[in-house]
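> just the structure for this:
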Amino acid sequence: MSSALRSYRRNIVHVREALELFRAREAEVKKIGVEGSHLQDEGLVERYKRLSIPVRRALNPNDRAGFAQALAELKESPCPREVRHAIDDAWTKLQAELDSTVQLGGSKVPRRQILGAWLDAAAFYDRLERDKAYDKLIDQYGTAAEGIGSELAEHAVRVILMLDEAAADTLEEPLILPPAQKTPPPPPDPKEPWWRRLIAIFRG
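Below you'll find the predicted structure:
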């Protein structure tokens with residue numbers, strides 16, 4: 001008991017850290033002087049990169065720190081029934097929203113697909129190749145993908161934090177855990193050449 005909840009909480013530490021970074025810089029807008037770039041705020045991608053990595057883990061049903069596994073464990077805990085039901089309802093509504101479709105580029109696209117593409121673009125963002133991930137996202141789905149992706153991410157984060165608060169009470173831990181050592185790296189991109197992964201390893 002509580003292994004999934006503990007893993008979940010250690011991952012959500014990074015979500016809270018990323019949100020603090022958002023709040024600290026919400027009034028700070030830096031322009032990128034790159035002609036033709038879709039990206040307007042230089043700090044936006046870096047902030048979403050830190051947020052997207054733990055959010056991707058939380059939304060992955062197969063991850064040991066995933067929301068679904070932690071919720072299943074919470075349902076078997078002494079957590080008050082009304083709290084468990086509220087989190088379960090919020091999660092169900094989020095899943096329904098992600099399964100719904102939106103008209104983009106002349107076709108209906110599941111919102112889950114948009115959110116996944118948005119989080120991937122931010123998670124695999126590379127300062128040396130600044131525009132490619134976002135250009136690919138925009139080229140595939142259009143400029144509306146940014147707004148849709150960010151709104152869905154914010155909805156997901158609200159639900160994710162609900163479970164984190166309940167897990168903290170259940171485990172009798174402080175809501176704000178001590179700072180994590182570092183943001184976990186994203187999983188390797190299966191499309192990335194092997195030699196580039198090797199260079200990244202040597203660079204440390």
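> in the helix or strand hosting Glu20, what's buried?
Element membership for Glu20 (DSSP states H and E) is helix 3-25. For helix 3-25, the neighbour count (16 or more other Cβ atoms under 10 Å) marks 4-5, 7-9, 11-19 as buried. To be clear about C-beta, it is placed using only N, CA and C from the backbone, and glycine gets the same treatment.
> what does the pLDDT read for Glu146?
Listed pLDDT for Glu146 reads 84.
> now swap in the one 10 residues further on and tell me
Ala156 is assigned 98 on the pLDDT scale.
> next one: Glu46
The model reports Glu46 with a pLDDT of 68.
> helices and strands around the helix ranked longest in the chain, which ones?
Secondary structure assigned by DSSP state H gives helix 144-171 as the longest helix of the chain. If you count contacts as 3 or more Cβ pairs under 8 Å, 6 or more residues apart in numbering; DSSP states H and E, helix 144-171 packs onto helix 3-25, helix 42-59, helix 67-75, helix 81-99, strand 101-104, helix 111-123, helix 132-141.
> just put those in JSON lines and tack on distance to Gly147.
As requested, the helices and strands packed on helix 144-171 are exported to JSON lines (distance: least, Cβ to Cβ, whole Å):
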{"stretch": "helix 3-25", "distance to Gly147": "16"}
{"stretch": "helix 42-59", "distance to Gly147": "12"}
{"stretch": "helix 67-75", "distance to Gly147": "24"}
{"stretch": "helix 81-99", "distance to Gly147": "15"}
{"stretch": "strand 101-104", "distance to Gly147": "11"}
{"stretch": "helix 111-123", "distance to Gly147": "10"}
{"stretch": "helix 132-141", "distance to Gly147": "11"}
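> so which of the ones you listed comes closest to Pro179?
helix 3-25 (6.9 Å; Cβ to Cβ).
> starting at the chain centroid, how far to that closest one?
Averaging C-alpha positions (Cα atoms, centre = their mean, to the nearest Å) puts helix 3-25 10 Å from its chain's average.
> and the angle from that helix to helix 67-75?
120 degrees (axes from the mean of the first three to the mean of the last three Cα atoms, to 10 degrees).
> what does helix 3-25 rub up against?
Contacts to helix 3-25, defined as Cβ atoms under 8 Å, 6 or more residues apart in numbering, come from residues 43, 47, 50-51, 53-55, 57-58, 64-67, 69-70, 72-74, 77, 157, 160-161, 163-164, 167-168, 170-171, 173, 176-177, 179-180, 183-184.
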